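# Got a sequence here, can you model it:
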Amino acid sequence: MSYEDALRSHGRQLIFKIEFLDQNEITIDEIIKYEIEGNLSIELKNGMRRTCNLTLENTEGLFTPSTDGLVSISNRVKVYTGLKIDNVDYFNLRGVFVLGNPRLTKNNDGEKIVNLEMYDKFALLDGSISGTLEAEYIIPVGEPIQQAIIDLATEAGITTPILVYPTSELTPYTLTIPAGDTFATIFYKYAEMLSWDVFFDVEGVLRFQPPTDEDTQSTVWEFSESENTYLSSVHNYEWNKIRNYVAVTGDNIDGNIAHQTASNNNIFSDTYIGKIGKRTMVIQDDIITTDDLALKRATYEVQLNTQIQETADIQAIPVDIINEGDIIIIDDTENGFNRDRYIINTINYPLSNGQEMSINALKARSFQPNDAT
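All right, here's what the predicted structure looks like:
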């Protein structure tokens, strides 16, 4: 039986694995459980994408916080979910986390439990745990962005692998980040320059990369009335947020004002200008100093603001091979879904048996901007 078939089977058996790692992310110990309590929250965004809460039985004190135990302030945690198939355990990694504030509880009946509050590793950059700048940080104009990200990761104390997609782009302006701000802000500023994404992935790797191409991305799962993981859905239409024409004006450099536009003229789109008329967004941003940057921003905003026309909220039997940014198909004609492609925005995944997962997804749109004018 394949893993996907097992996920859809009625007699499936969920299992969970927790690995405790040292600060170098070398495994110290692991536990496998058939029953735990907890929740995994995932969101498609720049910065911190994953948070996790776990409640573990602690009668023997194995998870009592200490300087040299499993639950230590410098340790990391890997969380896996999976299935037992034909008496073999199969696991999927769901994230690499740093520890927030653990909490011990002793109940009246003598039960001892520990609650672990955990964040993905962006918490080490955004001030949630660390990452505060001691001094002013200056991003100089003309700096190669690819190498700047690599250097910044080292300066921020990231010792694990990073993945920076190739780019020949240079920083288009000088930017000063004040002391007391965070390393995360610097990463965000570089990402904004290219309209790229920056985040730690499910394996704990820092990634700096272009957004996923929804048109070419394959689907990972299909929810339909004919299969048992699909429980219910809400189909949301957000027509008042549609913007299919964006004009971006940037800074005035030596009398040359950066200015570009982008629009949705795709005749196969329900929101293209020829069908619903022009719905305009105007952006003025002095950090944009070239026409190329203005065009990238305009294209990004049109893509974003035509995509949010429809969203789906799904309740489902937990499916642990779906992650943020993945494409799913929804087939429920009675609720207006006609084998439509949706991109995963948020996931609320229960770390216990007998619970439902919640998904919010955005309808994927086929879009090509017109030539800039």
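# Quick one: end-to-end distance for stretch 100-116.
In stretch 100-116, first residue to last residue: 7 Å (CA to CA, to the nearest Å).
# tell me which residues in that stretch are buried?
Neighbour-count burial for stretch 100-116, counted by 16 or more other CB atoms under 10 Å, picks out 100, 102, 112-116. Using the backbone N, CA and C atoms, a C-beta is placed for each residue, glycine as well.
# Just the closest of those residues to Glu238, please.
Lowest distance from Glu238 to those (CB to CB) belongs to Gly100, with 33.4 Å.
# Pull the contacting residues for the closest one.
Neighbour list for Gly100: 116-119, 123, 128-129 [criterion: CB atoms under 8 Å, 6 or more residues apart in numbering].
# rerun that using 6 Å as the cut-off
117, 119 (CB atoms under 6 Å, 6 or more residues apart in numbering).
# do you know how far it is from Val79?
Distance, Gly100 to Val79, using CB to CB, to the nearest Å: 14 Å.
# out of the buried residues of stretch 100-116, who's nearest Glu143?
Gly100 (34.0 Å).
# so where does the residue nearest to Arg103 when sequence neighbours are not counted fall, helix or strand?
Nearest residue to Arg103, sequence neighbours excluded (CB to CB, 6 or more residues apart in numbering): Asn115, at 4.4 Å. Using DSSP states H and E, Asn115 maps to strand 112-120.
# what's the model's confidence in that strand, averaged?
Strand 112-120 shows a mean pLDDT of 96.
# Could you list the paired strands of it along with their orientation?
Strand 112-120 has its sheet partners listed here by DSSP bridges as strand 50-57 (antiparallel), strand 88-99 (antiparallel), strand 103-106 (antiparallel).
# Contacts for the second one next, please.
With contacts defined as CB under 6 Å, 6+ apart, strand 88-99 is touched by 15, 17, 40, 50, 52, 76-83, 118-121, 123, 202, 204, 320.
# how's this protein carved up into domains?
3-120, 137-209 (automatic domain parsing).
# Tabulate those domains (JSON lines), appending distance to Glu227.
As requested, the domains of the chain are exported to JSON lines (distance: least, CB to CB, whole Å):
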{"stretch": "domain 3-120", "distance to Glu227": "6"}
{"stretch": "domain 137-209", "distance to Glu227": "25"}
